[in-house]
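> predicted coordinates and the sequence they were generated for:
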Amino acid sequence: MLSGRTTQAALRVLDWLAERTLRPDKSPAHQRTGRRGEEAAYFHLRRLGYTMVARNFRSPRCRGEIDLIGWESDVLCFIEVKTRSTRDVKAGIAAVDRHKRREVAAVAREYLRRLPPSCQWRFDVVSVYYDRSKASQPQIEVFRNSSLTA
């Protein structure tokens, strides 16, 4: 079985090959940065002991999505990832505003309908910061048990 670091290294090699062989990604730079941050957060949380069960979860009944869903011990965690290329403008945690919290809460309720009513859960926010260099490792902060009310 591959370790998380081996899997992450394999993904980096595949991304490198894709950049050189496939047509360029025409999505906006902020979306590419966001995807990169979500991937970094995913592997970081796995190293912290989370068991990830879903990525980019959406419900047909409501708007919005939850970036990551995972278990930390016996607590189900709904995780919003905010990626920044600088700390100069707005902190990642501050970018999770009232509107986003309401959307996440609605999608989380839909996900919880599938689980036993006694399931413990919480909302986490992960801030991922990249400096200007594309090759650098990001700085990652995990804010556990953030409030869904604003």
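Cool, got the structure. Remember, predicted model here, so these are calculated numbers, not experimental data.

> any regions of the chain where pLDDT drops low?
Low-confidence segments of the chain (pLDDT under 70): 1-4, 132-136, 148-150.

> what segments of it are helices?
Under the criterion DSSP state H, helices of the chain are mapped to 4-21, 29-47, 98-112.

> could I get those as CSV with mean neighbour count?
From N, CA and C alone the C-beta is placed, and that goes for glycine too. Shown next, in CSV, are the helices of the chain (neighbours: other CB atoms under 10 Å):
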stretch, mean neighbour count
helix 4-21, 11
helix 29-47, 17
helix 98-112, 16
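
> can you say which of those is nearest to K82?
helix 29-47 (7.5 Å; CB to CB).

> and the angle from that closest one to helix 4-21?
Angle, helix 29-47 to helix 4-21, by axes from the mean of the first three to the mean of the last three CA atoms, to 10 degrees: 160 degrees.

> how about the CA coordinates for helix 29-47, as PDB?
Below are the C-alpha coordinates for helix 29-47, written out as PDB (Å, rounded to 0.1, in the frame of the first residue of the first chain):
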ATOM      1  CA  ALA A  29      -5.400  31.400 -12.100                       C
ATOM      2  CA  HIS A  30      -7.400  31.700  -8.800                       C
ATOM      3  CA  GLN A  31      -9.200  28.400  -9.600                       C
ATOM      4  CA  ARG A  32      -5.900  26.600 -10.300                       C
ATOM      5  CA  THR A  33      -4.500  28.000  -7.000                       C
ATOM      6  CA  GLY A  34      -7.600  26.900  -5.200                       C
ATOM      7  CA  ARG A  35      -7.400  23.300  -6.500                       C
ATOM      8  CA  ARG A  36      -3.700  23.200  -5.600                       C
ATOM      9  CA  GLY A  37      -4.500  24.300  -2.100                       C
ATOM     10  CA  GLU A  38      -7.300  21.800  -1.600                       C
ATOM     11  CA  GLU A  39      -4.900  19.000  -2.700                       C
ATOM     12  CA  ALA A  40      -2.300  20.300  -0.200                       C
ATOM     13  CA  ALA A  41      -4.900  20.500   2.600                       C
ATOM     14  CA  TYR A  42      -6.100  17.000   1.800                       C
ATOM     15  CA  PHE A  43      -2.700  15.400   2.200                       C
ATOM     16  CA  HIS A  44      -1.900  17.600   5.200                       C
ATOM     17  CA  LEU A  45      -5.000  16.500   7.000                       C
ATOM     18  CA  ARG A  46      -4.300  12.800   6.200                       C
ATOM     19  CA  ARG A  47      -0.900  13.200   7.800                       C
END
